[in-house]
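Engineer: The following block contains a protein sequence and its predicted model.
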Amino acid sequence: GGGGGGRGGFVGVSVELSGVSGYLGDPSRFAAYAELVGGLSGCAGAPGASGCAGPRMRIGGNSADRTAWQPSPDAPLPAGASQGFGPRDAEAAGAFAEAVNGSLVFDLNLAGLGPDYGRQFLEGLRGTSAWARTAAVEVGNEPDLYHGNGYRNATYRYAAYLDEFRAYLEALAPERSTPAAAELLPAGGLQVGTFCCRWSSCDFLPPMTSGEYIGALSKRWPVGSVSFHAYSLKKPPNHPIPTLALLMAEDATRGIADFLAPMVAAARAAPGGPIDFWLGEGNTCVVGGAAGVSDAGASALWAVDWLFELARVGVVGANLHGGSSAGSLYTPVAFDKSGRPLVMPVYYGMRLFAEATRSSDPRGAELVEKGPSKVACDGTGDPNAPEVKLWAVRRVTESSGSLVTVVAVHKGLQGAATTCAVAGAGVRAGAAGALRLEMADPAARGAAARLTWAGQTWDGSADGRPVGERRVEPLAPSPDGSFRFTLAPGSAVVVDLPLA
């Protein structure tokens, strides 16, 4: 079977099957995108060391249910598919995963094509370099929406989906223990779920939270992971107009994580042993994002807090969805007409999280679950709706050894700066330092926000490498032994405290 996986890939990306060529079809785009996504690795050691793996690319989205394997560009497409994915695309994806030491997940067409075509896709994939990096396969994209998007009739609900899904799996891989399943599927098996609904009338949710869904599948088929899709904001007419205030609110980060927590618990309690739970696709706002929200400087702050909240409830990784076109408002990385990368604000938040949790310990970084009890910021307001979020991790790096890293995120977008203090007991003398995520205007869009991370920017970068010198601010202990730093609205600070 295929490989991939391993420690170090919490922050990943999700792209459409139809979008692979936009990122990877041109050599200069490929190199810049690999540089940027490779920078999201959670590994502080050498790539591949101690089971370390780079970021994951999930290849699916809405286009999955319109796609068939196309062995050559002129091969006809079957009814039920409007676009093809073939060896050239797969080879590009495989080369990309190799370049970032990452893994791939592919989504098969459930809505339009049957299992014979799924088998054809997997057999075609198996003949390319992508197979060695394929961690899992999905079947269908957001089938809980099929009843409303025209793929199925208006009465299609969970029971009908489960019958259809089981029949598909039965034809694709009859049983988990059979040679046919082992030969056809990658080593990580199936990534099931791919649901997205977050409303009480959705009858896909109770089986997910109770464990019924995972139990019904994992006893018979090789289920390696389960996925759910979550976007923090939705759009009218059934939801409020997206705003920065809504994106900075706790419901957009903690609310999403708390919603997912029962599903994570159900995956951990699976009958055959714990199953990894992935946020397989997500971002700031649905359907391409919202102008002035998804592409605003403040979306970087949302990304930091959102990723930490997901980690808090036990999600093992999160893939932020996007496309290479500059018209994709929520995408982490796009390209302009000349092929230069457009690094959007949300990427800065992804990069901060990746660097703040990067570890050379084979077990990865450890989140201090109850929050850093020895960190305090002045004037943070209502503790039940804090504008300042505080996170801490324990990790190991080859350069600093064991350290505690504190992350402070100020999601208030105006007002005065606050002063924060971190207890300094056990910190190695002269070793503490701070890195800052700053922006000129949290409400400005794209490059106009003028973001910097650790003194560097990706604005104007031609190759995906940051521009400018990396800046680490030395921190000296106060008379009481604590380390103090200022935190301005619309910014984040990462404080590294190497231990003696």
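Structural biologist: Now that the structure is in, tell me what you want to look at. Fair warning: this is a prediction, and the values are worked out from it, not measured in the lab.

Engineer: So the residue nearest to Ala447 when sequence neighbours are not counted versus Leu110, what's the distance?
Structural biologist: Closest residue to Ala447 apart from its sequence neighbours, by Cβ to Cβ, 6 or more residues apart in numbering: Asp459 at 4.7 Å. Where you see a C-beta, it was placed from the backbone N, CA and C, and this is true even at glycine. Distance check for Asp459 against Leu110: by Cβ to Cβ, to the nearest Å, it reads 41 Å.

Engineer: Give me the neighbour count for Thr331.
Structural biologist: 27 (other Cβ atoms under 10 Å).

Engineer: Was I right to think it contacts Met344?
Structural biologist: Yes: between Thr331 and Met344 there is a contact at 6.1 Å, judged by Cβ atoms under 8 Å.

Engineer: okay, the nearest residue in space to Val286 that is not next to it in sequence: pLDDT?
Structural biologist: In space, and not counting its chain neighbours, Val286 is closest to Tyr231: 4.6 Å by Cβ to Cβ, 6+ apart. You'll see Tyr231 listed with a pLDDT of 96.

Engineer: Could you pull up the residues touching Tyr231?
Structural biologist: Cys196, Gly282, Asn283, Thr284, Cys285, Val286 (Cβ atoms under 8 Å, 6 or more residues apart in numbering).

Engineer: Now do the SS call for the third one.
Structural biologist: Using DSSP: H, G, I helix; E, B strand; the rest coil, the secondary structure recorded for Asn283 is strand.

Engineer: List the buried residues for stretch 352-364?
Structural biologist: Leu352, Phe353, Ala354, Glu355, Ala356, Thr357, Arg358, Ser359, Ser360, Asp361, Gly364 (16 or more other Cβ atoms under 10 Å).

Engineer: What of stretch 87-100?
Structural biologist: Pro87, Arg88, Asp89, Ala90, Ala92, Ala93, Gly94, Ala95, Phe96, Ala97, Ala99, Val100.

Engineer: Could you do stretch 78-85 as well?
Structural biologist: Those would be Pro78, Ala81, Gly84, Phe85, for stretch 78-85 by 16+ other Cβ under 10 Å.

Engineer: list the contacts for Ser232?
Structural biologist: Applying Cβ under 8 Å, 6+ apart to Ser232 gives the contacts Leu247, Asp251, Ala252, Thr253, Ile256, Gly282, Asn283, Thr284, Cys285, Trp302, Trp306.

Engineer: Show the end-to-end separation of stretch 461-469, please.
Structural biologist: 13 Å (Cα to Cα, to the nearest Å).

Engineer: I would like the residues contacting it, please.
Structural biologist: By Cβ under 8 Å, 6+ apart, stretch 461-469 touches 28, 31-36, 39, 340-341, 343, 452-453, 455-460.

Engineer: Could you list which of those belong to helices?
Structural biologist: Secondary structure from DSSP state H places Ser28, Ala31, Ala32, Tyr33, Ala34, Glu35, Leu36 of the contacts of stretch 461-469 in helices.

Engineer: what are the ranges of the strands in the stretch 201-350 of the chain?
Structural biologist: 223-233, 276-285, 317-321, 333-335, 341-343 (DSSP state E, counting those that start in this stretch).

Engineer: and these as a markdown table, adding distance to Gly118?
Structural biologist: A markdown table is the format used below for these (distance: least, Cβ to Cβ, whole Å):
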| stretch | distance to Gly118 |
| --- | --- |
| strand 223-233 | 16 |
| strand 276-285 | 18 |
| strand 317-321 | 21 |
| strand 333-335 | 30 |
| strand 341-343 | 34 |
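
Engineer: Glu170: which of the buried residues of stretch 87-100 is nearest?
Structural biologist: Among the buried residues of stretch 87-100, Ala90 lies closest to Glu170 (Cβ to Cβ), at 25.9 Å.

Engineer: Then the closest one would be within a strand, right?
Structural biologist: No: counting by three-state DSSP, Ala90 falls outside a strand, being helix.

Engineer: all numbers from here: first residue = 3
Structural biologist: Happy to do that; since the first residue is 3 now, the last one works out to Ala92.

Engineer: For it, give me its contacts.
Structural biologist: Gly126, Leu127, Thr130, Ser131, Ala132.

Engineer: from those, which two are the most distant?
Structural biologist: Largest pairwise distance in these, by Cβ to Cβ, is 12.6 Å, between Gly126 and Ser131.

Engineer: The two: which is more packed in?
Structural biologist: Gly126 (19 against 16).

Engineer: for that one, helix, strand, or coil?
Structural biologist: Strictly by three-state DSSP, Gly126 counts as helix.

Engineer: how far away is it from Ala92?
Structural biologist: 7 Å.

Engineer: got it, and Thr69?
Structural biologist: Applying Cβ to Cβ to Thr69 and Ala92 gives a distance of 12 Å.

Engineer: any common contacting residues for those two?
Structural biologist: Joint contacts of Thr69 and Ala92 (Cβ under 8 Å, 6+ apart) do not exist.

Engineer: ok, and the closest non-adjacent residue to Trp280?
Structural biologist: Per Cβ to Cβ, 6+ apart, closest to Trp280 is Ser229, 4.7 Å.

Engineer: what about that neighbour, neighbour count?
Structural biologist: 27.

Engineer: That one and Val139 touch, don't they?
Structural biologist: No: using Cβ under 8 Å, Ser229 is not in contact with Val139, being 11.2 Å away.

Engineer: Give me the common contacts of those two.
Structural biologist: The contact sets of Ser229 and Val139 overlap at Gln193 (Cβ under 8 Å, 6+ apart).

Engineer: can you pull the buried residues of stretch 446-457?
Structural biologist: Ala446, Arg447, Gly448, Ala449, Ala450, Ala451, Leu453, Thr454, Trp455, Ala456.

Engineer: Just give me the neighbour total for the residue nearest to Ala449.
Structural biologist: 17.

Engineer: was I right about it contacting Ala446?
Structural biologist: No: applying Cβ under 8 Å as the test, Asp461 and Ala446 come out as separate, 11.8 Å apart.

Engineer: Overlap of the contact sets of the two?
Structural biologist: In contact with both Asp461 and Ala446: Arg452, using Cβ under 8 Å, 6+ apart.

Engineer: phi, psi of Leu354?
Structural biologist: phi -60, psi -50 (degrees, to the nearest 10).

Engineer: who touches Val315 in this structure?
Structural biologist: Taking Cβ under 8 Å, 6+ apart, one finds Ala259, Asp260, Leu262, Ala263, Val266 in contact with Val315.

Engineer: For it, report the pLDDT, please.
Structural biologist: Looking at Val315, the pLDDT reads 96.

Engineer: And the one 3 residues further on, by the same measure?
Structural biologist: We note a pLDDT of 95 for Val318 in this prediction.

Engineer: ok, and the closest non-adjacent residue to it?
Structural biologist: Asp278 (4.6 Å).

Engineer: how close does that neighbour get to Gly190?
Structural biologist: For Asp278, the distance to Gly190 - Cβ to Cβ - is 9 Å.

Engineer: thinking again about what came up before, just the buried residues of stretch 446-457 now: which is nearest Asp205?
Structural biologist: Of the buried residues of stretch 446-457, the one sitting nearest to Asp205 (Cβ to Cβ) turns out to be Arg447, at 38.7 Å.

Engineer: can I assume that closest one is in contact with Asp297?
Structural biologist: Yes: the criterion here is Cβ under 8 Å, and Arg447 meets it with Asp297 at 4.8 Å.

Engineer: and Phe197, what does it touch?
Structural biologist: Glu144, Pro145, Asp146, Phe206, Leu207, Met210, Phe230, His231.

Engineer: Closest to Asp498 out of those?
Structural biologist: Using Cβ to Cβ, the contacts of Phe197 come closest to Asp498 at Phe230, 32.5 Å.

Engineer: Enumerate the strands of the stretch 403-502 of the chain by residue range, in sequence order.
Structural biologist: So, for the stretch 403-502 of the chain - with DSSP E, counting those that start in this stretch - the strands run 403-412, 420-424, 435-440, 454-455, 475-476, 485-489, 493-500.
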